[in-house]
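J.: Take a look and give me a structure for this.
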Amino acid sequence: MQQIIQSIQLGAKQGVDACRLFHGRGHCYPGLEFVSVDWFSPVLLISLYKEPEAQWLKQLTDEITQLESSEAIENIILQHRYLKGAPSENIKGDIAGDYYAVEKGLKFRLNFKANQNVGFFLDMANCRQVLREQAKGNRALNLFAYTCAFSVVAAEAGAAKVVNVDMAKGALNTGRLNHQLNDIDTRSVSYMSHDIFKSWSKIRKYGPYDIVIIDPPSFQAGSFNVRKDYQKIVRKLPGLLAPQAQVIACLNSPDLSFDFLRELFKEVGGFTERSVIEPPQSFPESDVNRGLKTLLFEKTPNIRVDINV
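T.: Numbers count the residues shown, from 1 in each chain. The predicted structure is shown next:
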């Protein structure tokens, strides 16, 4: 438990930028694999992936409230990810009102009352930085856009066009709000509530794209199965991309390794792996193939074009 307390004490002093303070899910802290702690100033979010002993939980919350840095923590939220619907409860404060994740000066709306995900993925910070460095003057396609954090970063960095695609209209509406929160000119930003497996023609008309971000869920009943559906996306890329386009390919399934991604792009052909985009250091993993896996690919000459649309 002391590793958790120490991480919280240090993290609450760091300032406003959102970050993971403790990552038990990476199996680097024996006995604490069921705990993660995130800092969304001034909110501390503790996520539990199995039911803890009542005495352990009481001791944890008591020690947090006694920390020297506890004044910076206005709210403590406990999320029970092991229960259906992942219900949350307030340990300190009230979550009424609006809260945001802040990253490099950009703001993103959070929803602590939502099931499971609060609206912003901290483990994608380095991917967003890569996009920030590549986006200026380019056309970006954001697949599985969710609340459009990638789009906000790309547009703020000067992207010529950003197209956000997600089946969830509610998530895209939050994405629109995120652009407004950051005073971004949205004339170059599009939002598409669309099932990509039904048709790619709507997506293609905004191309060709210089950057594509693929960040799908590992499994979403009725809409996405990573083992079957990821390859369908990769096979469509050649017909969407500009010469020397970049692809940020993410995989968050603990049962699939980096080689799964590499084989998909090798099968299609015409791509060169440029780099591994590692998660932030605050997401340590005992086995990197079980954590978030992200590869940066570049389209190379003589790529095979998919005509079966």
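J.: Name the SS class of the nearest residue to residue 300 once chain neighbours are set aside, please.
T.: Taking Cβ to Cβ, 6 or more residues apart in numbering, and ignoring the residues beside it in sequence, residue 300 has residue 272 as its nearest neighbour in space, at 5.0 Å. C-betas here are computed from N, CA, C, even on glycine. At residue 272, secondary structure determined by DSSP: H, G, I helix; E, B strand; the rest coil is strand.
J.: least trustworthy helix or strand in the protein by mean pLDDT?
T.: Between all helices and strands in the chain, the lowest mean by mean pLDDT, DSSP states H and E belongs to strand 219-220, at a mean of 58.
J.: Do I have it right that the residue nearest to residue 300 meets residue 296?
T.: No - shown here, residue 272 and residue 296 do not form a contact pair, counting by Cβ atoms under 8 Å, at 9.7 Å.
J.: Compare these two and say which is more crowded by neighbours.
T.: Neighbour count, other Cβ atoms under 10 Å: between residue 272 and residue 296, residue 296 has more, with 17 against 11.
J.: Verify the stated contact: the more buried one with residue 271.
T.: No - the pair formed by residue 296 and residue 271 falls short of the contact definition of Cβ under 8 Å, at 10.2 Å.
J.: For those two, list the residues in contact with both.
T.: With Cβ atoms under 8 Å, 6 or more residues apart in numbering applied, the overlap between the contact sets of residue 296 and residue 271 consists of residue 247.
J.: could you measure residue 72 against residue 293, distance?
T.: Residue 72 sits at a distance of 33 Å from residue 293 (criterion: Cβ to Cβ, to the nearest Å).
J.: Give the residue from these two that has the larger number of neighbours.
T.: Using other Cβ under 10 Å, the more surrounded residue of residue 72 and residue 293 is residue 293, with 25 against 17.
J.: Give me the nearest residue to the residue nearest the centre of the chain, chain neighbours excluded.
T.: Taking Cα atoms, centre = their mean, the centroid of the chain lies closest to residue 121, which sits 3.5 Å from it. The shortest distance from residue 121 to any residue that is not its chain neighbour, by Cβ to Cβ, 6+ apart, is 7.2 Å, and that residue is residue 149.
J.: need the strands for the stretch 151-300 of the chain, in chain order.
T.: The residue ranges that make up the strands of the stretch 151-300 of the chain, judged by DSSP state E, counting those that start in this stretch, are 161-166, 189-193, 209-214, 219-220, 224-225, 241-251, 271-276, 293-299.
J.: In a markdown table, list those strands along with distance to residue 179.
T.: Conversion of the strands of the stretch 151-300 of the chain to a markdown table gives the following (distance: least, Cβ to Cβ, whole Å):
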| stretch | distance to residue 179 |
| --- | --- |
| strand 161-166 | 9 |
| strand 189-193 | 6 |
| strand 209-214 | 16 |
| strand 219-220 | 24 |
| strand 224-225 | 25 |
| strand 241-251 | 20 |
| strand 271-276 | 28 |
| strand 293-299 | 24 |
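J.: need the least confident one among the ones you listed, by mean pLDDT.
T.: Note on those: strand 219-220 shows the lowest mean pLDDT, a mean of 58.
J.: ok, now which ones touch residue 197?
T.: Going by Cβ under 8 Å, 6+ apart, residue 197 touches 229, 232.
J.: Tell me how far it lies from residue 170.
T.: Here the criterion is Cβ to Cβ. By it, residue 197 lies 20 Å from residue 170.
J.: Outline the domain layout of this structure.
T.: Listed by automatic domain parsing, the domain ranges of the chain are 2-110, 122-299.
J.: Pick the most buried one from the ones you listed.
T.: Neighbour counts averaged per stretch over these are highest for domain 122-299, at a mean of 18; criterion: mean count of other Cβ atoms under 10 Å.
J.: Just list the residues touching residue 134, thanks.
T.: Listed by Cβ under 8 Å, 6+ apart, the contact set of residue 134 reads 210, 211, 246.
J.: Give me the spatial nearest neighbour of the second one, chain neighbours excluded.
T.: Looking back up the chat, that one is residue 211. Using Cβ to Cβ, 6+ apart, the nearest residue to residue 211 is residue 140, at 4.4 Å.
J.: isn't the one you found right next to residue 212, touching?
T.: Yes - at 7.4 Å, residue 140 and residue 212 qualify as touching, with contact defined as Cβ under 8 Å.
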